[in-house]
Each structure stands twice: as structure tokens, then as C-alpha cells.
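Trainee: Have a look at this fold, sequence not included:
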């Protein structure tokens, strides 16, 4: 039987068994980051009456994005668009995974079966909108979150993913993003900030006690995120090789350095180091090193972590306090700030001695890439929110918010 012609983005599979085994493992690790990792991380940070609703939002992101990735998201992200459009977004040749077969690979990684490449990249697409939910926690209608996740995936995530990773103009101009500093974290952080500003603060914000109800859940979530992040960063080498190895070590070093940095600043600012601060510092370091993980040596990773921790503290505590916006679980403060700092420092510390791709890295290119991602994410997110506002509506009522989203949105509660 004559094989079907390859699509523009494809190559014939030349399977690398070691790489395939590692990326199968990494796919499971990154999926773990959303469920149960992020769900528990966020779930422990909200008030008790909103725990189940917060977990439901992570679950909703998984189910909505997975279906849309199969329908069109993969093709828009990693397919090839017509002519100049390809600089911005891919085409629809591979919609519903048409043309994908057991013997095809994506041209970016011909040693991996394309079905595995699709699954691995899907896990990144899943966690990105789930991160945004931390900014609007405890006040968005569940129906609005469903519509938001779906539209945001197609309008914001898929084009940015293509522009940076899928053959678009940002990748072509030399913007470096090893594992998702811009595509995932800056993108989600900026979207979260827009959501927080458009929805407005929670009822009683600045007056009522809104402290986390169960930091034990957040501790479990942090551990799962940390472990899963090894698949996130080291898996982005797309091979079981030296770059994957240095990315794994860099992930550990940066997270620890950032946690120490956050702790020192918080100790000075508040006289006591908090457990939540330690968790937030770890995540801030993981975010900061993500764009650089396979491009810098461990000394660079240490410095990125040491800078990211205090930077995320600034975003989550001082900036939010000064501007008085309610980013409920610090989606922008940690993911936005950490992603911006990490992306810029990638231009400083990336070295061709670790990865030849780093040749010619510059902070100017990184800054231009960030401006483009921030602009697309900000405008696109605002447009999606306006669609939601005039269809499903955005916020629960004041009475529903006071009672809690577990009961009012899902008819469930903890007893």
C-alpha cells in the first residue's frame, strides 16, 4: 500500500526508542502537574467553601483543552499555516488529527512518534489555562470558566505556541523558550492579571480573612508540581540525553535557590518565614528556570533562581498591595513575574557550551518576544472575557460568593 503523503509539518518517523520512553514518562509527569498537582496546590490556598470548585476548574481545563487539542488546537499550534499566516498561527490540515499516522513524526522531533508528540504537547496546553484560574478563584461562574478555557485555548494559547515553538515568527527571530517561560507562564500570568482586573476583587477583599484553609493540601500539590516539573523541563529536550540531564539538575537548583531568596525577603519584610512563602518560592524558581532549563549551566540556573524568588515576592506581595488588584492565588505575581524574569535572564545566561541553540542569545530578542506575547495574551484574554460577559456572564452573585462556590456552582460541600 502506498503511504499517504506527509503534511507540511511532518517527517517520516525514525524512531528513537530511548527518547520515546523518556517522553512517554514525561507526558505522565506533566499531566500530574495539573491533576492532582495544581488542583491541590490551588485547592489548599482558597477558603474551605471553594475547595471543590477550585479543583473543578483544573479538571475543566483538562477536559475542554484535550477535546479542542484533538479538534483543532494541535493543528493550529504545530501545523503549518498558509503563506504569511504561518508566522502567526498554523493551519487546519491536521484538524481531528487527519494525516497523523503510526509512521509520522513532527519535523521538529523525527525520533518521536507524532501521536506521542501530540500527547506531550497537550499536557502543556492543559496546564496553561488551569494556571489562569488562580487569578479568578472564588468568584467566576463555572459556566463562564468552561467557555473561557475553550476560547482562550484557540484564540490565545494556540497562536502564541505556534509563534514561539511551531515555526512562527518569534521562534524564527531567535526568541528562546526552552520549556514554556513565555508560552505557558508569562502567557498565563498576563491573562490572569487581565482576569483579575476585569472581574474585580472578591467580596470582602482587604477586609475579610481570606487565608488558605489547608496548607497541607498545598504542600502535597507543591510536591507533585515539583516532581512533574522534571518532565516539563527535562522532557523539553525531546530526548534522553545530556541536555535533558542538565535541565533536570537546573530545575532542582533554581527551585531551591528561589525558595531561599523568597524566604530571606519575607523574613525581613514580615519578621517570620511562612510555609506558604516556601512553597511559593519553590514554584517561582521552577517558573523562572523554565525558559532557560536546557540552555544554561547550573551556575546560571542558580542565579536565575536566586533572582526569581525575590522578584516573585515583589509581584505577589508588594505590587499587588500597591495596585490593590485581587489576583487571588498570585497567578501573575508568581507565573507572570517569574516567567518575565526567567525569559530575560535566559538572554543573559544561555550558553552554546550547554546547547548550540543558545548561540546568539540576547536579552533584546527576549524582551521583544515578551512584548509580543504580553500584547497578544492581554488583548486576546480581554476579548475572550467580553464574549463570556455577554453570553454566560462572568461572576457569581454576591450571595453565591458569600455562600461559597462549592455549594452554589456544584451542589457539593465538605461536611
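Mentor: Nice, thanks for sending it over. Note that the structure is predicted; figures quoted are calculated from it, not measured.
Trainee: residue contacts, the residue nearest to residue 260 when sequence neighbours are not counted?
Mentor: Distances taken as Cβ to Cβ, 6 or more residues apart in numbering place residue 309 nearest to residue 260, at 6.8 Å, with adjacent residues excluded. The way it works is simple: take the backbone N, C-alpha and C, and place the C-beta from them, glycine included. The contact partners of residue 309, by Cβ atoms under 8 Å, 6 or more residues apart in numbering, come to 257, 258, 259, 260, 261, 262, 263, 265, 281, 284, 285, 288.
Trainee: can you check residue 125 too?
Mentor: Applying Cβ under 8 Å, 6+ apart, the residues near residue 125 are 65, 69, 73, 77, 153, 157, 158, 161.
Trainee: And residue 107, by the same measure?
Mentor: Here residue 107 is in contact with 9, 10, 11 (Cβ under 8 Å, 6+ apart).
Trainee: Any chance of the backbone angles for it?
Mentor: With angles defined as degrees, to the nearest 10, residue 107 sits at phi -60, psi -20.
Trainee: ok so, going back, mind putting the contacts of residue 107 in a markdown table, secondary structure and neighbour count included?
Mentor: Output for those, formatted as a markdown table (DSSP: H, G, I helix; E, B strand; the rest coil; neighbours: other Cβ atoms under 10 Å):
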| residue | secondary structure | neighbour count |
| --- | --- | --- |
| 9 | coil | 25 |
| 10 | strand | 24 |
| 11 | strand | 16 |
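Trainee: Can you mark which positions in the helix ranked longest in the chain are buried?
Mentor: In the chain, taking DSSP state H as the definition, the longest helix is helix 242-270. Neighbour-count burial for helix 242-270 flags 243-244, 246-266 (criterion: 16 or more other Cβ atoms under 10 Å).
Trainee: helices or strands next to it in the packing?
Mentor: Packed against helix 242-270, as judged by 3 or more Cβ pairs under 8 Å, 6 or more residues apart in numbering; DSSP states H and E, are the following elements: helix 215-233, helix 275-289, helix 298-313.
Trainee: if we can go back for a sec, output the contacts of residue 125 as JSON lines; include the columns secondary structure, neighbour count and pLDDT.
Mentor: Shown next, in JSON lines, are these (DSSP: H, G, I helix; E, B strand; the rest coil; neighbours: other Cβ atoms under 10 Å; pLDDT from 0 to 100):
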{"residue": "65", "secondary structure": "helix", "neighbour count": "27", "pLDDT": "98"}
{"residue": "69", "secondary structure": "helix", "neighbour count": "25", "pLDDT": "98"}
{"residue": "73", "secondary structure": "helix", "neighbour count": "25", "pLDDT": "98"}
{"residue": "77", "secondary structure": "helix", "neighbour count": "31", "pLDDT": "98"}
{"residue": "153", "secondary structure": "helix", "neighbour count": "27", "pLDDT": "98"}
{"residue": "157", "secondary structure": "helix", "neighbour count": "28", "pLDDT": "98"}
{"residue": "158", "secondary structure": "helix", "neighbour count": "25", "pLDDT": "98"}
{"residue": "161", "secondary structure": "helix", "neighbour count": "29", "pLDDT": "98"}
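Trainee: picking that back up, the longest helix of the chain: how far from the chain's middle?
Mentor: Distance of helix 242-270 from the chain centroid (Cα atoms, centre = their mean, to the nearest Å) equals 18 Å.
Trainee: Over to stretch 289-306?
Mentor: 18 Å.
Trainee: Buried ones in that stretch, by neighbour count?
Mentor: In stretch 289-306, counting by 16+ other Cβ under 10 Å, buried: 289-297, 300-306.
Trainee: what's the span of that stretch, first residue to last?
Mentor: End-to-end span of stretch 289-306 (Cα to Cα, to the nearest Å): 10 Å.
Trainee: Then stretch 38-56?
Mentor: 11 Å.
Trainee: buried set for that stretch?
Mentor: Going by neighbour count (16+ other Cβ under 10 Å), the buried part of stretch 38-56 is 38-47, 49-56.
Trainee: OK, contacts around the closest residue to residue 319 other than its chain neighbours?
Mentor: Leaving aside its sequence neighbours, residue 319 sits nearest to residue 333 (Cβ to Cβ, 6+ apart; 6.8 Å). Contacts for residue 333 (Cβ under 8 Å, 6+ apart) come out as 189, 312, 315, 316, 317, 319, 320, 327.
Trainee: any idea how far residue 45 is from residue 333?
Mentor: Separation of residue 333 from residue 45 (Cβ to Cβ, to the nearest Å): 12 Å.
Trainee: what do you get for residue 142?
Mentor: In this view, residue 142 and residue 45 are 19 Å apart by Cβ to Cβ.
Trainee: residue boundaries of the strands in the stretch 51-200 of the chain?
Mentor: For the stretch 51-200 of the chain, the strands defined by DSSP state E, counting those that start in this stretch occupy 104-106.
Trainee: Show me the helices in it, by range?
Mentor: Taking DSSP state H, counting those that start in this stretch, the helices of the stretch 51-200 of the chain run over residues 51-68, 74-78, 114-132, 142-152, 158-165, 169-172, 187-199.
Trainee: cool, the stretch 301-415 of the chain as well?
Mentor: Using DSSP H, counting those that start in this stretch, helices in the stretch 301-415 of the chain cover 320-323, 337-349, 363-389, 398-403, 405-410.
Trainee: Would you mind finding the most buried of the ones you listed?
Mentor: Among the helices of the stretch 301-415 of the chain, ranked by average contacts under mean count of other Cβ atoms under 10 Å, first place goes to helix 337-349 (a mean of 27).
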